[in-house]
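# got a sequence here, can you build the structure:
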Amino acid sequence: MKMFVFGSFTWLLHGIAAGLVSDEDMANGLFAFGCTRSHVVDPSGECDERTWVRGGLDGFAAHKKLLAIVLEAEREERVVWREPEDTSEYMTALLLQHMQEKGLTREDCDWQFAPGREWRIKELEERLEADRLLG
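Predicted structure coming up:
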């Protein structure tokens, strides 16, 4: 079974509400969101994704479920948190380091990003391949 890598908080929130992501997928997944930990914990404010969600669950119920899973993943060291000053390159490097520490390769993972974020998957795959070739 492949390990899922969840790279978008907003996409995952929608995926949970719509029933597109199973508890099993998240139970052993890696999380590397483009937003900070504080936003995941409390997304209220101008950009409150909980109010955008449509699906079987409302956004607040989906967030409650997501938060419980992500905090458990954090305790199990399966989350790479972004700091406000971090770039996508830095986040990519952190995620790759995290994967290497867990002995994971590109083939071990199923990348789950928001539509339009394919560039991030491509970037991750290119870096994984370069690391493999360099030894």
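# residues near the closest residue in space to Asp86 that isn't next to it in sequence, how many?
Nearest non-adjacent residue to Asp86, counting by CB to CB, 6 or more residues apart in numbering: Leu94, 8.0 Å away. For glycine as for every other residue, the C-beta is placed from the backbone atoms N, C-alpha and C. The criterion is other CB atoms under 10 Å. On that basis, Leu94 has 16 neighbouring residues.
# how close does Leu94 get to Leu30?
Using CB to CB, to the nearest Å, Leu94 is found at 11 Å from Leu30.
# can you list residues touching both of those two?
Both Leu94 and Leu30 are in contact with Val80, where contact means CB atoms under 8 Å, 6 or more residues apart in numbering.
# what segments of this structure are helices?
9-17, 23-27, 37-41, 59-75, 88-101, 118-134 (DSSP state H).
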